[in-house]
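J.: No sequence on hand, only this structure:
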């Protein structure tokens, strides 16, 4: 059964460094999402992506964040200058359905900013 | 804006018994979707079940069923015949409006299945 994959599974970085989190969504899905989950808290929406552009973004998704679909398979989240509070689990999801509403999550990337 | 409320931070159930996890929601949209996800201690998010707001029947997927009461704005998850492997955090979520329907999550319920 096809699944969403994410790399790396864990990343440790210094504050102020740039990180790129990578995702390979399910191939026939058209909607892609990034969510984050700070330890012990609920999952929060960051951004959705459809038809090669951002569809929606939350207030968390400020100018430090960007997303790209550089080729037909990868979907990346870049954090330009990481802050301590960016430490979280980052989930990629891809969606099927008329509006991508049934979403399948990847295993997550645990980011730790020191 | 959508809001999901899960009032049970933790629940215990005996193995082989059924358990109900509560979820209430708030939205002004006439069309929406409701979901349950399971998050084991390993951290991944596993899709369990989906209910559309216009679906006439309650959704079922194996041992999972969703008790959808539209007038009460509740979407409780029922797990029948609990197994030790069901111990996990369970999140209720709903879709937002918009072209790409991002999920709004509740705070979760930690379920522990006792042998």
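T.: Perfect, thanks for sending it. These figures come from a predicted structure and were not determined experimentally.
J.: right, and residue A:45 touches residue B:104 too?
T.: Yes. Applying Cβ atoms under 8 Å, one finds residue A:45 in contact with residue B:104, separated by 7.0 Å. Every residue, glycine included, has its C-beta placed from N, CA and C.
J.: The strand or helix carrying residue B:48 near chain A at all?
T.: In this structure, residue B:48 sits in strand B:46-52 according to DSSP states H and E. Yes. Using Cβ under 8 Å from any Cβ of the partner chain, strand B:46-52 reaches chain A at B:46, B:47, B:50.
J.: check contacts around residue 64.
T.: Defaulting to chain A. By Cβ atoms under 8 Å, 6 or more residues apart in numbering or on different chains, the contact list for residue A:64 reads A:79, A:80, A:81, A:83.
J.: other chain: chain B
T.: Neighbours of residue B:64 in contact, by Cβ under 8 Å, 6+ apart: B:36, B:48, B:49, B:77, B:78, B:79.
J.: How is the fourth one classified with respect to secondary structure?
T.: What DSSP: H, G, I helix; E, B strand; the rest coil gives for residue B:77 is strand.
J.: go on, the first one?
T.: Under three-state DSSP, the three-state class of residue B:36 is strand.
J.: unless I'm mixing things up, it is touching residue B:66, no?
T.: Yes. Look at residue B:36 against residue B:66 with Cβ under 8 Å: they come within range, at 6.8 Å.
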